[in-house]
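Q: Take a look and give me a structure for this.
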Amino acid sequence: AALSLQLGDLDAVASYLDRTLLAAREMMGDLLLDRPDDTPEAGCMVRSTAATAEAGPAAPEPSRLADREKVRVLLADDYPDLRELIRFQLEKAGFVVIGEAADGQEAVDMARALSPDVIVLDLAMPRMDGLQALPTLRETSPASKVIVVSGFATGLMADRVLAAGAARFVEKGVEMDVVGLVEAVVSEPAS
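A: Residues are numbered from 1 along each chain as shown. You can find the predicted model right below:
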């Protein structure tokens, strides 16, 4: 991917990164489940330490809507670089990021205090994972729409998080469009 990037072949970069993420998702599922037909349980994705990284990709240029500055977003992910990237994308698009949580418990506490319009929630985090936090978030901040972003494959987790009350599930990766997801959930009627 790095060589393709140096050569300016962005399609090849995206292809390499997508394949790497697919392999990582498969490994995560293998590590998480005893059998392929198992379903992950809440609490099994609690990390012992927060994620870290050296650098992140540049954000795409989003379109602007006049009323976005009224939409308040809470970010919950233990990976600080990803929170920074998502915050940059959302703020550049005109949304207001009102808080950043590094674990599920902090997300619950912040949602209770801040009543965000949208919560962008990771699944694998320290102290309390997103699957554990989701029912409490729905209870403490029922008007908030929850978008779950995860390194886990859609087939492994999407049905589970949607049944638990998330508005959307998306795999982390090159094609992840958080701005578009926030736009979509805020335009939906309240349930």
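
Q: use CA for all of it now, contacts and neighbours both
A: Fine.

Q: residue ranges with poor pLDDT in the chain?
A: Along the chain, segments meeting pLDDT under 70 span 1-7, 23, 27-40, 44-45, 47-48, 51-69, 191.

Q: distance between the ends of stretch 152-170?
A: 9 Å (Cα to Cα, to the nearest Å).

Q: For it, buried residues please.
A: Neighbour-count burial for stretch 152-170 flags 152-154, 156-158, 160-162, 165-170 (criterion: 16 or more other Cα atoms under 10 Å).

Q: and the gap between Ile147 and Lys172?
A: For Ile147, the distance to Lys172 equals 12 Å [Cα to Cα].

Q: hmm, back to that, taking the buried residues of stretch 152-170 one by one, which sit in helices?
A: Members of those lying in helices (criterion: DSSP state H): Thr154, Leu156, Met157, Ala158, Arg160, Val161, Leu162.

Q: Show me the two of these that sit farthest apart.
A: Maximum pairwise distance among these (Cα to Cα): 11.9 Å, between Leu156 and Leu162.

Q: so what's Val71 up against?
A: Counting by Cα atoms under 8 Å, 6 or more residues apart in numbering, Val71 touches Phe95, Val96, Asp117, Val118, Val186.

Q: got JSON lines for the residues you listed, with neighbour count too?
A: Below are those laid out as JSON lines (neighbours: other Cα atoms under 10 Å):
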{"residue": "Phe95", "neighbour count": "24"}
{"residue": "Val96", "neighbour count": "19"}
{"residue": "Asp117", "neighbour count": "22"}
{"residue": "Val118", "neighbour count": "25"}
{"residue": "Val186", "neighbour count": "15"}
